[in-house]
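Colleague: With the input below, show me the fold.
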Amino acid sequence: MKGNMKVAAYYSNRDVQVKEMPIPEIGVNEFLLETRASGICGSDTMKGHREEKIEALRKQGKFWTPGHEISGIVVEVGENVFGRFGYSKGKRVFVTHHVNCGNCRPCRKGNPTQCREFKDINNFVPGGMAEYVKVGGRSVETGVIRLNDEMSYDQASFIEPLGTVVEMLKAKKQAYSKDDTVLVLGSGIVGILQIQYARARGVEKIFATDISEFRLKKARELGADYAFHADEYSPEKLRELNQGRLADWVIDCVGSDSVAEQAFKSFEPGGKIIGFAIPQKNSNPNIDRYKYCRDGYLYWPTYGASPEACQEAYELIRDGKINVNAMITHNLPLEDIAEGFRLASEGKECLKVIINPHMKKAA
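Modeller: Below is the predicted model of the structure:
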């Protein structure tokens, strides 16, 4: 496919521009996706998370195009791709940007998101906030899910973020029990996906916190039994509402030092604490490990979504067990991406912003 396409050029949350570049040419082992939906992820708004990369690109006269929560239509297929996988023009698909190699030691030991290829290789060119994306590498082999006719592109863009929630348990071969208590600290997109996933897995008592009344309302609507403003939450209040017990699972979906400290004060002995959000650089929470050394807790950070987790996420959405439609607050054309990043980074009256690159801008 010849010609130019529109793409997002990210420099900061307050400086996201729309530029043009040539539509990528595909090789025999690649395919071209017409992007129909691309969700703005919380990590996309974390400039500090990739500041050095962005600055290095700027010095070279280049830019970073964000977007990894994508779905769309296959519009061009490399010869080997069609022969091996049967992909053809017109197929509606979800595709993920990085997948594991399947052969290294972490992969063989059942830790796919710790694979070096998974961590270091991005198989999208340029990125999901573009009219077209070239997909290559192992994403072609194991990172594609064909969508059924009923699933919308917007719904499919949730497969990767929900996959990270699924991976949280898969990575440690853990499972929820019906009588567990789950506490979700932070009720943004991933926090509410955590709430819904816990409910879908049979958990009967779910608590949540946030600083936004808008997000707390959404948390209640989508499965939390109790949702507190973060300033009003305390372990004592949790005990009061939970028959004298703290939480069996505490999931930190914020990443700040203060929330990490709160998480360690909120688990029941023998419980699990999950660092789900990316912490700030040089994070240094004040946690007295001696205080908890006899409490038998498990703590782990979690990262990414394996192809298997994405497949389970797809099935959960397909089967109506996770309501993603209720989480979409904004659909915007690519021309309005600056507004999308403003909304997503401020988080006011906003939950999920989806960029629809082929949507026509309103007159």
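
Colleague: What sits closest to Pro22 if chain neighbours are left out?
Modeller: Excluding the flanking residues, the one nearest Pro22 by C-beta to C-beta, 6 or more residues apart in numbering is Asn4, at 5.8 Å. Every residue, glycine included, has its C-beta placed from N, CA and C.

Colleague: Equivalent analysis for Asp295, please.
Modeller: Spatially, and ignoring its direct neighbours in sequence, Asp295 is nearest to Pro269 (4.2 Å; C-beta to C-beta, 6+ apart).

Colleague: same question, Lys321
Modeller: Ala200 (4.5 Å).

Colleague: that older thread, just confirm the residue nearest to Pro22 contacts Met21, I think it does.
Modeller: Yes: Asn4 is within contact range of Met21, at 6.6 Å (criterion: C-beta atoms under 8 Å).

Colleague: if you count what's nearby, which of the two comes out ahead?
Modeller: Met21 (16 against 11; other C-beta atoms under 10 Å).

Colleague: Can you name the helix or strand that the more buried one falls in?
Modeller: Assigned by DSSP states H and E, Met21 belongs to strand 15-22.

Colleague: ditto for Glu52
Modeller: Per DSSP H and E: Glu52 is located in helix 51-59.

Colleague: residues making contact with that helix?
Modeller: 10-12, 47, 63-64 (C-beta atoms under 8 Å, 6 or more residues apart in numbering).

Colleague: Can I get that helix in CSV? Just the C-alpha atoms.
Modeller: This file holds the C-alpha atoms of helix 51-59, laid out as CSV (Å, rounded to 0.1, in the frame of the first residue of the first chain):
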residue,chain,number,x,y,z
GLU,A,51,11.8,10.3,29.0
GLU,A,52,15.3,9.3,27.9
LYS,A,53,14.0,7.5,24.9
ILE,A,54,11.8,10.5,23.9
GLU,A,55,14.6,13.0,24.3
ALA,A,56,17.0,10.9,22.3
LEU,A,57,14.4,10.7,19.4
ARG,A,58,13.8,14.4,19.6
LYS,A,59,17.6,15.1,19.2
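
Colleague: Let me see the mean pLDDT of that helix.
Modeller: Helix 51-59 shows a mean pLDDT of 84.

Colleague: ok, back up a step: who's in contact with the residue nearest to Pro22?
Modeller: Going by C-beta under 8 Å, 6+ apart, the list of residues near Asn4 reads 20-23.

Colleague: In three-state terms, label Val133 for me.
Modeller: Following DSSP: H, G, I helix; E, B strand; the rest coil, Val133 is assigned to strand.

Colleague: In this structure it contacts Asn122, no?
Modeller: No: Val133 is beyond contact range of Asn122, at 10.9 Å (criterion: C-beta under 8 Å).

Colleague: Have a look at those two and say which one is more surrounded.
Modeller: Taking Val133 and Asn122 together and counting by other C-beta under 10 Å, Val133 has the greater number of neighbours (30 against 12).

Colleague: And Asn323, how far from Glu160?
Modeller: Between Asn323 and Glu160 the distance is 17 Å, computed by C-beta to C-beta, to the nearest Å.

Colleague: Buried residues, stretch 215-226. List them.
Modeller: The neighbour-count check on stretch 215-226 (16 or more other C-beta atoms under 10 Å) flags 215-216, 218-219, 222-226 as buried.

Colleague: now, among the residues you listed, which is nearest to Ile317?
Modeller: Of all the buried residues of stretch 215-226, Leu222 has the smallest distance to Ile317: 13.6 Å, by C-beta to C-beta.

Colleague: Among Asn323 and Glu160, which residue is more densely surrounded?
Modeller: Using other C-beta under 10 Å as the criterion, Asn323 and Glu160 rank with Glu160 on top: 26 against 15.

Colleague: Excluding chain neighbours, what is closest to that one?
Modeller: Distance criterion C-beta to C-beta, 6+ apart; nearest residue to Glu160, sequence neighbours excluded, is Glu69 at 4.8 Å.

Colleague: hang on, isn't the one you found packed against Gly128?
Modeller: Yes: assessed by C-beta under 8 Å, Glu69 is found in contact with Gly128 at 6.7 Å.

Colleague: Where does the prediction get shaky in this structure?
Modeller: In the predicted model, the chain carries pLDDT under 70 at residues 47-49, 83, 363.

Colleague: Can you give the distance from stretch 18-30 to the centre of its chain?
Modeller: In terms of C-alpha atoms, centre = their mean, to the nearest Å, the gap separating the centre of stretch 18-30 from the centre of its chain is 25 Å.

Colleague: end-to-end on that stretch?
Modeller: Terminal residues of stretch 18-30 are spaced 25 Å apart (C-alpha to C-alpha, to the nearest Å).

Colleague: tally of neighbours for Glu20?
Modeller: Neighbourhood size, Glu20 [other C-beta under 10 Å]: 11.

Colleague: List the residues that contact Leu222.
Modeller: So Leu222 contacts 192, 195-196, 323, 326-327 (C-beta under 8 Å, 6+ apart).

Colleague: so what's the backbone phi/psi at it?
Modeller: Note on Leu222: backbone dihedrals following degrees, to the nearest 10 are phi -110, psi 20.

Colleague: next one: Ile354
Modeller: Torsion angles, degrees, to the nearest 10, at Ile354: phi -120, psi 130.

Colleague: which residue ranges form the strands in the stretch 51-200 of the chain?
Modeller: Using DSSP state E, counting those that start in this stretch, the strands found in the stretch 51-200 of the chain span residues 69-77, 92-95, 124-125, 132-135, 144-146, 181-185.

Colleague: Fine by me, thanks again.
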